[in-house]
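Chemist: fold the following for me, if possible:
(3 chains)
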Amino acid sequence: MNNEIISQENLVYKKPSLMNDTPMHYCPGCSHGVVHKLVAEIIEEMGMEEQTIGVCPVGCAVFAYRYLDIDWQEAAHGRAPAVATAVKRLWPERLVFTYQGDGDLACIGTAETIHALNRGENITIIFINNAIYGMTGGQMAPTTLIGQKTATCPYGRTPELHGFPLKITEIAAQLEGTCFVTRQSVESVASIRKTKKAIRKAFEASMQGKGSSLVEVVSTCNSGWKLSPVKANEWMKENMFKFYEKGDLKDTTGL
Amino acid sequence: MAEKDVRLMKGNEAIAYAAIRCGADGYFGYPITPQSEVLETLALLKPWETTGMVVLQAESEVASINMIYGGAGAGKRVFTSSSSPGIALMQEGIAYMAGAEIPGVFVNVQRGGPGLGTIQPSQSDYFQATRGGGNGDYYVITLAPNSVQEMADFMDLAFELAFKYRNPAMILSDGVIGQMMEKVVLPEQKPRRTAEQIIKECPWATTGRTKDRQPNIMTSLELKPEVMESRNLHLQEKYQTIRDNEVRYETQQMDDADCMIVAFGSAARIAEKAIELAREEGIKVGLFRPITLWPFPEKQIKEMAQGKKGVLVAEINAGQMVEDVKLAINGAVPVEHFGRLGGIVPDPEEIVNALKTKIINR
Amino acid sequence: MAKMKGAIVVNTDRCKGCQLCIVACPQKVIALAQKKVNVHGYPYVEPAMAELCTGCTSCAIVCPDGCITVYRKKVEE
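Modeler: I've put the predicted structure just below:
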């Protein structure tokens, strides 16, 4: 019976071919994989495989260039928006996006993030926010929640010692250069579909010269949080969504 | 035959004019004294309306050098300019470009340091330029102009060398040359390369991956030690090729000289006058002017120093190039240093006195 | 009466056993293969109750590694 169903004409879903077969180094259950898949699907659906240049960060996604078969530039920590600014201004017909984590984008790269967005560069910044520094072993990030325990705040983040978590997406929504600022997630089929629509809208807006977009994806880091992938999703729903509220903060794209 | 375009302008302005003329695709920079005229001139000339060159004031030197990384990594002729403390900020980006083999170009119009320092000129970034201020085993092709004309001429040369070797290249100028006004013959306008030309000439660049090739990845990261070692060995081979082929220097009045002054940039201009004064007093001294500080003309300096009474290295710092001169000469003849600090530019007479006390009358 | 019947194929070498597909599946089709690991040392999933699959693609959509290929066919009862 199974063999009757498994045939080419019955195919309804497979991994996008732009995402190659290289095994990905991400931890089991990591949100990165889902977002990579969406980006690959969107580029394919837009027919932009030969016209896209991605800029990847320093962080777990430093190796994003191994998995999506487009041209990539590996930026220094936090500098991806500056790199993307130049690439897009010099190759205006290309689709240019950055893919960054919370340390990269909202800590060391705060200036580059704000200024590229504020200049209205026609790029999309994809922001993977898992409230921790995953690659380097689970240290506190600018988006770590009050009370959350990490390697560098082992007793829990407190405002007195560590200051407050940073809502950079809210700041971005104030900047005149941005046309689309949104916060999404990828833990359920419904939220994945919304995130895909959001990234697609951002890519289209950048190709139509409408300005800069920031798509934050509230994500999990089950290794850093020391939870199983399933439990990490639950923790995220219970704790992160309260503080990092999902939805469109700004949309002037008209798309 | 077209009439030569002769103008009177500052060194900084010549950089801007020459960049447009040599078909530069973009400039991304940040204001800092004494070189803000580069960005100001480009902004006034509006090349985005004529050649289509992009000009952007970035939010910092850190952003600027990363814009250069991005643009040059995509095969475009892009450059930035700054001065000493700003170049210090750029060191990370420069090392990344060296590691990823990206042909970025940058100009340092040196001022006194260390740190925020002074806005007056100096040559105290020789180490920063030639010893690599960033991390790892790398070199930056370093050109040292000594005139407004060379500021103009070296713009195209810097791009040519950067792209020929896929290595960052710099023009190491200083506040004297950046600010002084001289006659300059501007190069003729070269058209900017088309997208097709760039894709053909730079098949390694991130121009958008077409089906006929593998993706191009600009990265300096490699975690497998054996692969990283072979990447580094490849860089070292490249640097040797550059040393073998791209040394540039100039000598003056060395034919009958029995002692030698080694100087670069504005110090070389002052040394020219010092040599004139010294010769009036009967001292037979000549000038050796390195034009490439890296690759350093060590063979040629060693040859020229043979049999001389001594070598005076005149540089506006506490003694930097003198170390390379000493290495080259390897003890064969005495090598001494003369310099001023704090942004003070020495007079020719000071160099003559130093020559007399340190070399002639030892 | 027609109904949708689905089938999934799991790339077990790519699977890391994160179990997000198990949570996402509305039909409880998927389970961790018992006492097995793949070439990378990860436990992996398999369609343990394949006959319940409707081909909704939820598992494939949530899979971070793109391991699951989904087929679906309308079948007459």
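Chemist: I figured A:V186 hits A:S31, correct?
Modeler: Yes: between A:V186 and A:S31 there is a contact at 5.4 Å, judged by CB atoms under 8 Å. (Each C-beta comes from the backbone N, C-alpha and C, glycine too.)
Chemist: any residues in contact with both of these two?
Modeler: Residues touching both A:V186 and A:S31 (CB atoms under 8 Å, 6 or more residues apart in numbering or on different chains) are A:V217, A:S219.
Chemist: got phi/psi on the nearest residue to A:I192 once chain neighbours are set aside?
Modeler: Setting aside the residues directly before and after it, A:I192 is nearest to A:V186 in space (CB to CB, 6 or more residues apart in numbering or on different chains), at 4.9 Å. When read as degrees, to the nearest 10, the backbone of A:V186 gives phi -140, psi 40.
Chemist: which parts of the stretch 1-150 of chain B sit against chain A?
Modeler: B:25-26, B:28, B:54, B:56, B:58-60, B:62-64, B:66-71, B:73-74, B:76, B:78, B:92-93, B:96, B:100 (CB under 8 Å from any CB of the partner chain).
Chemist: now go through those and say which are in strands.
Modeler: B:G26, B:F28, B:V54, B:L56, B:V78 (DSSP state E).
Chemist: the fourth one: what's it in contact with?
Modeler: Read it as B:L56. Taking CB under 8 Å, 6+ apart as the test, what B:L56 contacts is A:T85, A:R89, B:G26, B:Y27, B:F28, B:M67.
Chemist: how confident was the prediction at it?
Modeler: You'll see B:L56 listed with a pLDDT of 97.
Chemist: quick revisit: whichever of the residues of the stretch 1-150 of chain B next to chain A end up buried, select them in ChimeraX.
Modeler: Those of these that count as buried under 16 or more other CB atoms under 10 Å in any protein chain shown are selected in ChimeraX with:
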select /B:25,26,28,54,56,58,59,60,62,63,64,66,67,68,69,70,71,73,74,76,78,92,93,96,100
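Chemist: what's around B:V313, how many residues?
Modeler: Applying other CB atoms under 10 Å in any protein chain shown, we find 27 residues neighbouring B:V313.
Chemist: now do the one 5 residues further on
Modeler: Using other CB under 10 Å, B:A318 is surrounded by 12 other residues.
Chemist: ok, of the ones in strands among the residues of the stretch 1-150 of chain B next to chain A, which one's closest to chain A?
Modeler: B:V54 (4.8 Å; CB to the nearest CB).
Chemist: who's the closest one bridged to?
Modeler: B:G26 (DSSP bridges).
Chemist: then B:L312?
Modeler: Going by DSSP bridges, B:L312 forms beta bridges with B:I261, B:E336.
Chemist: name all residues that make contact with it.
Modeler: Going by CB under 8 Å, 6+ apart, B:L312 touches B:C259, B:M260, B:I261, B:V262, B:E336, B:H337, B:F338, B:I351, B:A354, B:L355, B:K358, B:I359.
Chemist: out of these, which end up buried?
Modeler: Neighbour-count burial (16+ other CB under 10 Å) applied to the contacts of B:L312 gives B:C259, B:M260, B:I261, B:V262, B:E336, B:H337, B:F338, B:I351, B:A354, B:L355, B:K358, B:I359.
Chemist: tell me the backbone dihedrals of the residue of the stretch 101-250 of chain A found nearest chain C, please.
Modeler: Minimum separation of the stretch 101-250 of chain A from chain C (CB to the nearest CB) falls at A:P229, amounting to 4.1 Å. Main-chain torsions, A:P229, degrees, to the nearest 10: phi -50, psi -40.
Chemist: C:Q19 is in contact with that one, correct?
Modeler: Yes: contact criterion CB under 8 Å: A:P229 and C:Q19 qualify, at 6.4 Å.
Chemist: mind listing the shared neighbours of the two?
Modeler: A:G29.
Chemist: tell me which of those two has more neighbours.
Modeler: More crowded of A:P229 and C:Q19, by other CB under 10 Å: A:P229, with 22 against 19.
Chemist: in contact with the residue lying closest to that one once chain neighbours are set aside, which residues?
Modeler: Distances taken as CB to CB, 6+ apart place A:G29 nearest to A:P229, at 2.4 Å, with adjacent residues excluded. For A:G29, the contact set (CB under 8 Å, 6+ apart) comprises A:T220, A:N222, A:S228, A:P229, A:V230, A:A232, A:N233, C:K16, C:C18, C:Q19, C:L20, C:P64.
Chemist: what's the closest non-adjacent residue to B:R192?
Modeler: With sequence-adjacent residues excluded and distances taken as CB to CB, 6+ apart, B:R192 is closest to B:G23, at 4.3 Å.
Chemist: now that neighbour: which helix or strand?
Modeler: Counting by DSSP states H and E, there is no helix or strand that carries B:G23.
Chemist: check the burial of it by counting its neighbours.
Modeler: By the criterion of other CB under 10 Å, B:G23 has 17 neighbours.
Chemist: can you pull the residues of the stretch 101-250 of chain A lying near chain C?
Modeler: Residues of the stretch 101-250 of chain A lying near chain C (CB under 8 Å from any CB): A:V186, A:E187, A:S188, A:V189, A:I192, A:R193, A:S228, A:P229, A:V230, A:N233.
Chemist: among the residues you listed, name the ones in helices.
Modeler: Cross-referencing those against helices under DSSP state H gives A:V189, A:I192, A:R193, A:P229, A:V230, A:N233.
Chemist: what's around the last one, how many residues?
Modeler: The local packing count at A:N233 equals 24, with neighbours defined by other CB under 10 Å.
Chemist: what's near enough to touch the closest residue to it other than its chain neighbours?
Modeler: Of all residues beyond its chain neighbours, the one nearest A:N233 is A:E187 (4.4 Å), with distances taken as CB to CB, 6+ apart. A:E187 makes contacts with A:S31, A:T220, A:N233, A:M236, A:K237, C:V62, as judged by CB under 8 Å, 6+ apart.
Chemist: quick one: pLDDT of A:E187?
Modeler: 97.
Chemist: give me the element the residue nearest to B:Q253 when sequence neighbours are not counted is part of.
Modeler: Ranked by CB to CB, 6+ apart and with sequence neighbours excluded, the top spatial neighbour of B:Q253 is B:G286, at 4.2 Å. Taking DSSP H and E as the definition, B:G286 sits inside strand B:285-290.
Chemist: list the helices and strands that strand packs on?
Modeler: Where contact means 3 or more CB pairs under 8 Å, 6 or more residues apart in numbering or on different chains; DSSP states H and E, strand B:285-290 is packed against strand B:249-252, strand B:259-262, helix B:265-280, helix B:298-305.
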